[in-house]
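> Would you be able to build a 3D model of this:
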Amino acid sequence: MSDKTLQSAAATGRDMTGSNTTESSRGDTQEKSARAIAHTCDAGNVPPCPRCNAPMEPVLRDDVILFYGCSRYREDGCRGRWSFERDANGDSTDRLVLLSCPECHQGLRKGYGRNGRPYCACFEAAKHKGGQTIFFDEEGRPGGGNWKKTRFTCPECGAPLVHFVVQSGARRGKKTFACFASAQHTPKTPHYWEDLNGEPAW
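Residues are numbered from 1 along each chain as shown. From the prediction side, this is the model:
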């Protein structure tokens, strides 16, 4: 997506309520959004929607880009988004978090919790198999940093299984095997197996 395309999307796109800018304010919005785009990210490097692969557009409040949302939001309600990482003070930085949840495909969020520790997580709990927030390491791997590949392979797609210890929810502390190659599964969701004496409980 070019600088010109992004500026056009920001000038004619959504504000934080999802409404279109008016013709009378469009020129002012274009000037503000162009400054915001130059400040917050490298225009042209915003990937498509993590959920439906449609182009993304900046969602604005005044001259600040809050996040990048799916351009199909008005058409079919897709809420895919790329969020900006937050610093220890809770303020938005200019770093887009370009990682997505392997289970619900929403863009992940990075920031700092009330305990001052950094987190990388997907908070779309209602869309997760276990109904819980899923935490990841800095590279977007599940398990909060204890993720590792194993010699076992997925019986459906043949990809190597990963092994990790669940960090939150009802299964916290449980050792688990998983395959996150969702695109190769039917339906397109991850597969999980309990750890039974060091092997997947098939």
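
> What degree of burial does residue 123 show, as a neighbour count?
By other C-beta atoms under 10 Å, 16 other residues sit near residue 123. Where you see a C-beta, it was placed from the backbone N, CA and C, and this is true even at glycine.

> next one: residue 140
17.

> Look up the closest residue to it, ignoring the ones flanking it.
residue 99 (3.5 Å; C-beta to C-beta, 6 or more residues apart in numbering).

> That neighbour against residue 138, yeah?
No: the criterion here is C-beta atoms under 8 Å, and residue 99 misses it with residue 138 at 9.1 Å.

> Quick check: neighbours shared by these two?
Counting by C-beta atoms under 8 Å, 6 or more residues apart in numbering, the residues touching both residue 99 and residue 138 are residue 120.

> who has more neighbours, the two?
Each of residue 99 and residue 138 has its neighbours counted (other C-beta under 10 Å); residue 99 has more, 19 against 11.

> What pLDDT does the model give the more buried one?
Residue 99 is assigned a pLDDT of 88 by the prediction.

> And the one 5 residues further on, by the same measure?
We note a pLDDT of 89 for residue 104 in this prediction.

> do you know how far residue 49 is from residue 186?
22 Å (C-beta to C-beta, to the nearest Å).

> of these two, who's got more company?
Between residue 49 and residue 186, counted using other C-beta under 10 Å, residue 49 has the larger neighbour count: 25 against 7.

> List the residues that contact that one.
Contact partners of residue 49, counting by C-beta under 8 Å, 6+ apart, are 55, 56, 70, 71, 72, 78, 80.
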